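Q: Provided below for reference: sequence and predicted model.
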Amino acid sequence: GQQLNQSPQSMFIQEGEDVSMNCTSSSIFNTWLWYKQDPGEGPVLLIALYKAGELTSNGRLTAQFGITRKDSFLNISASIPSDVGIYFCGASGTYKYIFGTGTRLKVLA
Amino acid sequence: EAQVTQNPRYLITVTGKKLTVTCSQNMNHEYMSWYRQDPGLGLRQIYYSMNVEVTDKGDVPEGYKVSRKEKRNFPLILESPSPNQTSLYFCASRTGGWQPQHFGDGTRLSIL
């Protein structure tokens, strides 16, 4: 079935560094989403992408919908301690969403 | 405030004792879904619903039932829970097929 390959699985970075993570698939999708999940809470939407090639920013976060519609990346600039958490990508082609397994981000002060 | 509300947040129970996890959304969304989240496996869809009285299986439906009698509610039913259903469960809703999912805060189930 369809699946999303998200990488890296985890990252340890210094405060102030930039972060990059991505999701790829062999399938084509119409929507890509990026979520952040804090411990004990549900995923919270960060950025939604609806068009191939689209580049969207939300504060220090920037995400792009790949031109082939099979991938997406998320960048976080100048990381801060509260960026700690698990970041998920999600993608939809029809009625159904599938999700990556997450990137666990730890920020060292 | 727009939200998806799940109850209970935590539950420890025993094998075979029927349980229901409720989910309610106040955004008038048509689509609702249930996911389970397990380490290393990410979010996997259990069931989804595209509207009242319209439900369909996701990727891991075995051992679960759902109903959608009203637009705002989408309960998840475990008729005879087993230990392999110990997991973190999320309900989600959205307006249309390609619109973003909004998630509840999760329900942690432990089946002994």
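A: Nice, thanks for sending it over.

Q: now do the strands in the chain.
A: Defaulting to chain A. All strands of chain A, identified by DSSP state E, fall at A:5-7, A:10-14, A:19-24, A:31-37, A:44-49, A:55-58, A:61-65, A:71-76, A:85-92, A:97-99, A:103-108.

Q: let me rephrase: I mean chain B.
A: Using DSSP E, the strands of chain B run over B:4-7, B:10-13, B:19-25, B:31-38, B:42-51, B:54-57, B:65-66, B:76-78, B:87-94, B:102-103, B:107-111.

Q: just put those in TSV and tack on distance to A:K51.
A: (C-beta placed from N, C-alpha, C; glycine too.) Below are the strands of chain B laid out as TSV (distance: least, CB to CB, whole Å):
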stretch	distance to A:K51
strand B:4-7	27
strand B:10-13	40
strand B:19-25	27
strand B:31-38	21
strand B:42-51	24
strand B:54-57	28
strand B:65-66	33
strand B:76-78	34
strand B:87-94	18
strand B:102-103	21
strand B:107-111	35
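
Q: burial count for B:S110?
A: 14 (other CB atoms under 10 Å in any protein chain shown).

Q: and the nearest residue to it once chain neighbours are set aside, how many residues sit next to it?
A: With sequence-adjacent residues excluded and distances taken as CB to CB, 6 or more residues apart in numbering or on different chains, B:S110 is closest to B:I12, at 4.5 Å. B:I12: 10 surrounding residues under other CB under 10 Å.

Q: close enough to count as contact, A:F65 and A:G53?
A: Yes: if you go by CB atoms under 8 Å, A:F65 and A:G53 touch, sitting 6.4 Å apart.

Q: neighbour count winner among those two?
A: Neighbours per residue (other CB under 10 Å) separate A:F65 from A:G53, with A:F65 holding more: 24 against 11.

Q: list the beta-bridge partners for the more buried one.
A: Beta-bridge partners recorded for A:F65 (DSSP bridges): A:S72.

Q: up against chain B, what does chain A have?
A: Within chain A, the residues that sit near chain B (CB under 8 Å from any CB of the partner chain) are A:1, A:6, A:30-31, A:33, A:35, A:40-45, A:48, A:50, A:88, A:90, A:92, A:94-102.

Q: go with 7 Å
A: A:30-31, A:33, A:41-43, A:45, A:48, A:90, A:92, A:94-97, A:99-102 (CB under 7 Å from any CB of the partner chain).
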